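# show me the folded form of this:
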Amino acid sequence: MDDNEMWQAVQTCDPAYDGEFFYAVQTTRIFSAGLLVSQNVPEETMLSISKEVRKQKPLATRPCKRCRPDLLQYDPDRDLAEARSSLTTISVTGKSLTSS
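Residues are numbered from 1 along each chain as shown. Alright, predicted model coming up:
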């Protein structure tokens, strides 16, 4: 995969390339692994693209909050389901209520 192919994937938000490479946007100082649909596609001159996340970390101040490229495993739907299941039983004034 060359730089032109990766740039095309960023422009089109092609899900086939999700997680295949990382990019940092110089203006926002954010690095991402996902090809997230955004309001504005960054200009090519404002991107640094690499196949390795460690090359992007020094260029950006923080990871993307939506795709979390800094985590080895990130599944927000699973995390939400686990959090919800742990809150199904709520203790209120000594009585246990179970949510439906």
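# show me what contacts residue 41?
Residues in contact with residue 41 (Cβ atoms under 8 Å, 6 or more residues apart in numbering) are 10-11. All C-beta atoms are positioned from the backbone trio N, CA, C, and that covers glycine.
# mind doing that once more with 10 Å?
With contacts defined as Cβ atoms under 10 Å, 6 or more residues apart in numbering, residue 41 is in contact with 7, 10-13, 47.
# and the nearest residue to residue 47 once chain neighbours are set aside, how far is that from residue 68?
In space, and not counting its chain neighbours, residue 47 is closest to residue 23: 5.2 Å by Cβ to Cβ, 6 or more residues apart in numbering. Noted for residue 23: a distance of 15 Å to residue 68, by Cβ to Cβ, to the nearest Å.
# related to what we said a few turns ago, among the contacts of residue 41, name the ones in helices.
7, 10-12 (DSSP state H).
# so which residue is dead centre in the chain?
Geometric centre of the chain, nearest residue: residue 67, 0.7 Å, by Cα atoms, centre = their mean.
# so where does residue 24 fall, helix or strand?
Using DSSP states H and E, residue 24 sits within strand 22-25.
# after that strand, which helix or strand is next?
strand 30-32.
# neighbouring strands - and their directions - for that following strand?
Using DSSP bridges, strand 30-32 pairs in its sheet with strand 22-25 (antiparallel), strand 62-63 (parallel).
# wouldn't the residue nearest to the centre of the chain be in contact with residue 32 here?
Yes - judged on Cβ atoms under 10 Å, residue 67 makes contact with residue 32 at a distance of 5.6 Å.
# among the contacts of residue 41, who's most crowded?
In terms of neighbours by other Cβ atoms under 10 Å, those top out with residue 10 at 21 neighbours.
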